[in-house]
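Student: any chance you could fold what I've pasted below:
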Amino acid sequence: MSNRTLSIDDRVYDYLLSVSLKESDLLRQLRKETAAIEFSEMQIAPEQGQFMALLVKLIGARRALEIGTFTGYSSIIIASALPQDGELVCCDDSEEWTAMARKYWQQAGLEDRINFKLGDAGATLQSLIDEGQEGTFDFIFIDADKQNYPLYYELSLKLLRAGGLMAVDNTLWSGDVADPGNMEPGTQAIRRFNAMLKQDERVEISLVTIGDGLTLVHKPGG
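Tutor: Here you go, the predicted structure:
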C-alpha cells in the first residue's frame with residue numbers, strides 16, 4: 001500500500017499497458033509512423049490518450065478544441081469520443097505534420113467531425129472569440145509551444161463553457177520543472193505556467209502524473 005503516487009518503472013509501465021490499454025490498429029500505426037519522424041517525442045502517450053477519451057465521454061462533450069495537433073493522435077482520440085454530430089476544432093501551424101494527421105483522419109472516418117484551422121493558434125483562438133464562440137466548448141486540450149501557454153490558457157478559458165474541462169499537457173516536463181538548476185526556456189515557461197495556475201482562483205485544478213504530466217482545469221458553473 002502507498003499514500004503517494006507510485007513511481008513507474010518499465011516493468012510496472014508494461015504491466016499497466018497490458019491490462020488497460022485498448023488501442024486501435026489505426027492509432028498504433030499512427031504512433032509507429034510518428035516515431036520515425038523528427039520531434040517524435042511530442043507524441044502523447046497512448047495511456048494518456050485513452051484517459052482523455054474517457055474524460056471527454058464522462059463530461060458528455062459535444063464541442064472540443066485542440067491547440068497543437070502534431071500528427072493527429074490526440075485529435076483522433078478526442079474526435080472519436082465525441083457524438084456523431086460533435087465537432088473538434090484543431091489548431092496547428094505546421095502543414096507538414098498535419099498532413100499526416102489529415103491522412104489518418106480520413107482513414108478513421110472523422111473528417112466531417114474535425115474542423116482544422118492552419119495558422120497561428122493565438123490568432124485562431126481570438127478569431128473564435130470574435131465570431132461569438134465564447135463559452136461554447138466543452139473540452140479543450142492544450143499541447144503546443146510552451147512559451148505561449150499563458151496566452152492559450154486565457155483565450156481558452158473564455159472559449160470554455162462554465163462546467164467545462166481543459167487539459168494542459170507537459171506540465172511535469174520530464175521532471176525538469178523540479179530541478180532548480182535547469183533554466184532552459186521551456187522548463188522556465190512551464191514553471192511559470194504551473195505557478196500561475198496554482199494562483200488562479202477562477203478554476204479548480206489537478207495535475208495528474210500521466211504521460212509527461214497533464215493538468216486538468218475545471219471551470220466552475222454551468
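Student: leaving out chain neighbours, which residue sits closest to Met166?
Tutor: Val217 (4.0 Å; CB to CB, 6 or more residues apart in numbering). (Glycine included, C-beta is placed from N, CA and C.)
Student: mind listing the strands for the chain?
Tutor: Secondary structure of the chain by DSSP state E: the strands cover 63-67, 87-92, 114-118, 137-142, 160-169, 204-208, 214-218.
Student: same list, those, but as a markdown table with distance to Ala81 please.
Tutor: As requested, the strands of the chain are arranged in a markdown table below (distance: least, CB to CB, whole Å):
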| stretch | distance to Ala81 |
| --- | --- |
| strand 63-67 | 8 |
| strand 87-92 | 9 |
| strand 114-118 | 13 |
| strand 137-142 | 9 |
| strand 160-169 | 12 |
| strand 204-208 | 17 |
| strand 214-218 | 15 |
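Student: of the ones you listed, which is nearest Asp130?
Tutor: With CB to CB as the measure, strand 114-118 is the member of those nearest Asp130 (13.4 Å).
Student: ok, that closest one: who's next to it in the sheet?
Tutor: strand 87-92 (parallel) (DSSP bridges).
Student: got the angle for the partner strand vs strand 137-142?
Tutor: Going by axes from the mean of the first three to the mean of the last three CA atoms, to 10 degrees, strand 87-92 is angled at 20 degrees with respect to strand 137-142.
Student: what's strand 87-92 in contact with?
Tutor: The contact list for strand 87-92 (CB atoms under 8 Å, 6 or more residues apart in numbering) reads 62-70, 75, 78-79, 82, 98, 101, 113-119, 121, 124-125, 128, 137, 144.
Student: before we move on, what about stretch 22-32?
Tutor: With CB under 8 Å, 6+ apart as the test, stretch 22-32 has contacts from 43, 46, 49-50, 71-73, 76-77, 100, 104, 107-108.
Student: need the contact list for the residue nearest to the spatial centre of the chain.
Tutor: A centroid search over the chain (CA atoms, centre = their mean) returns Phe141, at 3.6 Å, as the residue closest to the centre. Residues near Phe141 by CB under 8 Å, 6+ apart: 52, 64-68, 74, 78, 166-169.
Student: hmm, try it at 7 Å
Tutor: For Phe141, the contact set (CB atoms under 7 Å, 6 or more residues apart in numbering) comprises 52, 66-67, 74, 78, 167.
Student: need the max-distance pair from those residues.
Tutor: Counting by CB to CB, the most remote pair of the contacts of Phe141 is Met52 and Ile67, 13.7 Å apart.
Student: run a quick neighbour tally on Ala121.
Tutor: 24 (other CB atoms under 10 Å).
Student: measure it to Leu65 for me?
Tutor: 10 Å (CB to CB, to the nearest Å).
Student: cool, and Leu26?
Tutor: 23 Å.
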